[in-house]
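Engineer: Sequence unavailable; structure follows:
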């Protein structure tokens, strides 16, 4: 084989080798371009299933219609009237004995608790001051997770309307009830979460005439 023939053969082999490498590169790029959207789709599906499992796509609870007749307290007492135990101030940190559990009036500390939901019981001496301002204190014990969620939802909807001054708290020592609503001089024990009774009580006693300082934030 002549020198020129050998050169031509080597050049031809190099061109074939480059062609194979180029084809492999193009094929790899094609496979990668195919895999990217597949990975994106799989990730999106996994995200949707994860959000669905977390309840993100579940419809929210129906909004409370506070004008509904079933919430009308007229003609029926909402709760039981309690003896007024006074409204004196006690030194912060001092323990006060009350005639009802939870209390509905009596001596209390100088500062009320901020309104809202708590995961720990607040001192009676603070929440009585909340009642003095015309607010509602809702205590609960022994509720199932679903019942607690239901109660929290009702309270949240009330507070997002005109009834902002509501305090929700667990109350481990709650006697003979799972839910108890307190306003100044008024108490309503309930065996469970009763939306109608809760709304009726709040409507009847929020900033009520019995409260010594209605209208105070």
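Structural biologist: It's in. Not measured: the values here are computed from a predicted model.
Engineer: For the residue sitting nearest the centre point of the chain, report the pLDDT, please.
Structural biologist: With the centre of the chain defined as its mean C-alpha position, the nearest residue by C-alpha atoms, centre = their mean is residue 152, 6.4 Å away. pLDDT recorded at residue 152 is 98.
Engineer: hang on, it is in a helix, isn't it?
Structural biologist: Yes: for residue 152, which was evaluated using DSSP: H, G, I helix; E, B strand; the rest coil, the result is membership in a helix.
Engineer: May I have the residues that are in contact with the nearest residue to residue 195 once chain neighbours are set aside?
Structural biologist: Beyond its immediate neighbours in the sequence, the residue positioned closest to residue 195 (C-beta to C-beta, 6 or more residues apart in numbering) is residue 154, lying 5.4 Å away. All C-beta spots, glycine's among them, are computed from the backbone N, C-alpha and C. Residues touching residue 154, when contacts are defined by C-beta atoms under 8 Å, 6 or more residues apart in numbering, comprise 64, 193, 195, 198, 199.
Engineer: Can you tell me the closest non-neighbouring residue to the fourth one?
Structural biologist: Which is residue 198. Leaving out its chain neighbours, the residue that sits closest to residue 198 by C-beta to C-beta, 6+ apart is residue 154, at 5.7 Å.
Engineer: Now flag whichever of the contacts of residue 154 is closest to residue 168.
Structural biologist: Closest approach between those and residue 168, by C-beta to C-beta: residue 198, at 10.5 Å.
Engineer: what's the offset of the host helix or strand of the closest one from the middle of its chain?
Structural biologist: Assigned by DSSP states H and E, residue 198 falls within helix 195-205. Taking C-alpha atoms, centre = their mean, to the nearest Å, the mean C-alpha location of helix 195-205 is offset from the chain mean by 20 Å.
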